[in-house]
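Chemist: I need the structure of the sequence given here:
(2 chains)
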Amino acid sequence: GAGVSQSPSNKVTEKGKDVELRCDPISGHTALYWYRQSLGQGLEFLIYFQGNSAPDKSGLPSDRFSAERTGGSVSTLTIQRTQQEDSAVYLCASSLGATGFNFKGPKNIQYFGAGTRLSVL
Amino acid sequence: AQSVAQPEDQVNVAEGNPLTVKCTYSVSGNPYLFWYVQYPNRGLQFLLKYITGDNLVKGSYGFEAEFNKSQTSFHLKKPSALVSDSALYFCAVRGLYGQNFVFGPGTRLSVLP
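Modeler: Residues are numbered from 1 along each chain as shown, chains lettered A, B, ... in the order given. Coordinates of the predicted model:
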């Protein structure tokens, strides 16, 4: 598609329920990132995918959070047994991918989706 | 470990005046530095990046940033601010060998008419 698409745009759920957030990256982008932005806060890195593998999961805040990516394209972020502190905007970004030394091109630029606003009641 | 600091939560500037949004970083090796802007209820948009070469980088909407290796800084500047520049600005860094981008906490810029 023309840009990074995230769905749903808004999600309201009850505490203890599971939620799935979806990200459709720009076609051909091999790198995909998930971030969390809490109200008035900066971006908190969650997880990074290169292709279907996730070399960096260091940002996932607990084992209730998981993410997968299939076919090198769509990614799903799953939050199990949601808590009120999970309420935030979840942002997805994709980039062409950036390995190696040739960084002069557009590979390093991340393109962000509009985010999913998650509210846990 | 990589880190980014944006020492000012809020910057206020009058329309037509020059603006500066500060960013300092810490990274092993050569840094790759970025500025993103987030308008209200919108996703983040890329403004500019420094990879190598000229220390003064020009980007979108008349913004520029200067890479200063000795001060480990990458301040965002614009010669004449517009009210429409009011937004949340994020500085980000990536190391040569790291695959992860680290974002600063953001600086809210308000340009007053």
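Chemist: and B:Ser84, helix, strand or coil?
Modeler: Recorded secondary structure, B:Ser84: helix (DSSP: H, G, I helix; E, B strand; the rest coil).
Chemist: how about the nearest residue to it, chain neighbours excluded?
Modeler: B:Val111 (7.7 Å; CB to CB, 6 or more residues apart in numbering or on different chains). The C-beta positions use only the backbone N, C-alpha and C, and glycine is treated the same way.
Chemist: Report how many residues lie close to that neighbour.
Modeler: Counted with other CB atoms under 10 Å in any protein chain shown, the neighbours of B:Val111 add up to 20.
Chemist: what's next to the helix or strand that contains it, contact-wise?
Modeler: If you go by DSSP states H and E, B:Val111 is part of strand B:107-112. For strand B:107-112, contacts defined as CB atoms under 8 Å, 6 or more residues apart in numbering or on different chains pick out B:6, B:8-15, B:19, B:21-22, B:81-90.
Chemist: Point out the residues in chain A that sit beside chain B.
Modeler: Residues of chain A lying near chain B by CB under 8 Å from any CB of the partner chain: A:4, A:31, A:33, A:35, A:41-43, A:45, A:48, A:50, A:55-56, A:58, A:91, A:93, A:98-99, A:101, A:103-104, A:108-115.
Chemist: sorry, back to before: partner strands of the strand holding B:Val111 and their direction?
Modeler: Sheet pairing of strand B:107-112 (DSSP bridges) gives strand B:10-14 (parallel), strand B:87-95 (antiparallel).
Chemist: Most tightly packed of these?
Modeler: Comparing the strands paired with strand B:107-112 by mean neighbour count (mean count of other CB atoms under 10 Å in any protein chain shown), strand B:87-95 comes out on top with a mean of 23.
Chemist: List only those of the residues of chain A next to chain B flagged as buried.
Modeler: The neighbour-count criterion (16 or more other CB atoms under 10 Å in any protein chain shown) marks A:4, A:31, A:33, A:35, A:42-43, A:45, A:48, A:50, A:56, A:91, A:93, A:98, A:103, A:108-115 among the residues of chain A next to chain B as buried.
Chemist: The worst-scoring helix or strand of chain A on mean pLDDT - contacts with which helices or strands?
Modeler: When each helix and strand of chain A is scored by mean pLDDT, DSSP states H and E, strand A:53-56 comes last, with a mean of 80. Packing partners of strand A:53-56 (3 or more CB pairs under 8 Å, 6 or more residues apart in numbering or on different chains; DSSP states H and E): strand A:43-50.
Chemist: The strand it packs on to strand B:87-95, inter-axis angle?
Modeler: 50 degrees (axes from the mean of the first three to the mean of the last three CA atoms, to 10 degrees).
Chemist: Parallel or antiparallel, list what pairs with strand A:43-50.
Modeler: Strand A:43-50 sits in its sheet next to strand A:31-37 (antiparallel), strand A:53-56 (antiparallel), going by DSSP bridges.
Chemist: Once you drop chain neighbours, what's closest to B:Gln6?
Modeler: B:Gly104 (4.0 Å).
Chemist: isn't the one you found right up against B:Phe90?
Modeler: Yes - the pair B:Gly104 and B:Phe90 qualifies as a contact (CB atoms under 8 Å) at a distance of 5.8 Å.
Chemist: Which parts of chain A are strands?
Modeler: Remark: strands assigned in chain A by DSSP state E are A:5-7, A:10-13, A:19-24, A:31-37, A:43-50, A:53-56, A:65-69, A:75-79, A:88-95, A:111-112, A:116-120.
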